[in-house]
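Novice: structure for this input, please:
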Amino acid sequence: MPDSLRLAVAQSTTRQDPTDPTALRTSGAEIRSLLKQSAAAGARLVHFTEGALCFPSKTIMSSLGPDEIGPSDWTKAAWPVLQEELDSIAKLSGELGVWTVIPSIHQLPDARPHNSMYVVSDQGKLVTRYDERMLSTTKITWMYTPGTTPATFEVDGFRFGLALGLDVLFPELFTEYDRSDVDGVLVSYCSVGVGPNENIAVQARGTAANNTFWVSLAVPAEPESGLVSGVIDPHGQWAVHGPKDATPAVVLTDLHKAEISAVGRAFRRRTRERIS
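Specialist: I've put the predicted structure just below:
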């Protein structure tokens, strides 16, 4: 197995109306363009933000709205178009030979959807799905069904965990991934309409340093958020980040096995066992 892996992380335009087929197709086209750029630059894995295809607005989806927030009416969403775009992204991943992590809403037959991250292999096949667990008050009250379990996957000998939305604020989720011997965690976070949120980057950097693994932070191209996409090394320092004017872009860096501290992980494990 190689001792390095080239990771691309994107910051892309976020649209908030899942009832608008044109907006969904525009988002899909932008994602595919960034995938092609990443593949041309040698990426093996490409990571996208929460809401990459759509970050549904609580007012647009409200069954009482748009002037009053209530339970989301998910029958309004253009589900067939959303699936077409996801299928097209998966097909392109296979054609380009890159792995893709693409967040989207996941429809459930008899419940509110999950807010999810899909992992697509370099063969264009769905490998796993992660559902956001630590939902915000708005999400849990009006919009989504929470997930219940972590998810991991491997690319070229590198093992990754997944975190979505407000998961980033809960250190215990990352401790759980540390115990699973991951080399990094891919965090997708969207703050459209709520900002600035520089504290999210602070949380992500602390998580990387505390667990001595890589953290990829994918966020929207949203100037008001105070955030940019990037990759944080196991020492908590930015290895690379996107343009600070928050324009749509993709940035790449090489992850190295040698920078992941097996000594630190063994120490944490021994200490936790001693005090448990």
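
Novice: against residue 14, how distant is the closest residue to residue 259 other than its chain neighbours?
Specialist: The spatially closest residue to residue 259, leaving aside those adjacent along the chain, is residue 234, at 5.2 Å (C-beta to C-beta, 6 or more residues apart in numbering). (C-beta placed from N, C-alpha, C; glycine too.) For residue 234, the distance to residue 14 (C-beta to C-beta, to the nearest Å) stands at 29 Å.

Novice: can you check residue 101 too?
Specialist: Taken as C-beta to C-beta, the span from residue 101 to residue 14 is 16 Å.

Novice: on that earlier part again, the residue nearest to residue 259 belongs to a helix, doesn't it?
Specialist: No: if the criterion is DSSP: H, G, I helix; E, B strand; the rest coil, then residue 234 is coil and not within a helix.

Novice: quick check, it in contact with residue 209.
Specialist: Yes: Residue 234 lies in contact with residue 209 (C-beta atoms under 8 Å); the separation is 7.4 Å.

Novice: those two: who's more crowded?
Specialist: residue 234 (22 against 17; other C-beta atoms under 10 Å).

Novice: next, give phi and psi for the more buried one.
Specialist: Backbone geometry at residue 234, expressed as degrees, to the nearest 10, gives phi -70, psi 0.

Novice: buried residues in stretch 56-74, which are they?
Specialist: 56-58, 60-62, 69, 72, 74 (16 or more other C-beta atoms under 10 Å).

Novice: ok, the residues you listed vs residue 254, which is closest?
Specialist: residue 56 (34.9 Å; C-beta to C-beta).

Novice: can you tell me the SS state at that closest one?
Specialist: Assigned with three-state DSSP, residue 56 falls in the coil class.

Novice: quick check on it: phi, psi?
Specialist: The phi/psi pair for residue 56 (degrees, to the nearest 10) is phi -60, psi 130.

Novice: what's it in contact with, if anything?
Specialist: By C-beta atoms under 8 Å, 6 or more residues apart in numbering, the contact set of residue 56 is 16-18, 72, 77, 105, 143.

Novice: what separates it from residue 113, distance-wise?
Specialist: Here residue 56 is placed at a distance of 9 Å from residue 113 (C-beta to C-beta).

Novice: so what's in contact with the two at the same time?
Specialist: With C-beta under 8 Å, 6+ apart, residue 56 and residue 113 have common neighbours residue 105.

Novice: strands of the chain, residue ranges please.
Specialist: For the chain, the strands defined by DSSP state E occupy 4-11, 45-47, 99-106, 114-120, 126-131, 152-155, 158-164, 184-188, 214-218, 230-232, 238-241, 249-256.

Novice: any chance of those strands in a markdown table with mean neighbour count, mean pLDDT and distance to residue 31 as columns?
Specialist: Shown next, in a markdown table, are the strands of the chain (neighbours: other C-beta atoms under 10 Å; pLDDT from 0 to 100; distance: least, C-beta to C-beta, whole Å):
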| stretch | mean neighbour count | mean pLDDT | distance to residue 31 |
| --- | --- | --- | --- |
| strand 4-11 | 25 | 97 | 8 |
| strand 45-47 | 28 | 98 | 9 |
| strand 99-106 | 25 | 98 | 7 |
| strand 114-120 | 24 | 98 | 11 |
| strand 126-131 | 17 | 98 | 16 |
| strand 152-155 | 17 | 98 | 19 |
| strand 158-164 | 25 | 98 | 17 |
| strand 184-188 | 28 | 98 | 13 |
| strand 214-218 | 28 | 98 | 12 |
| strand 230-232 | 25 | 97 | 18 |
| strand 238-241 | 18 | 96 | 20 |
| strand 249-256 | 20 | 96 | 10 |
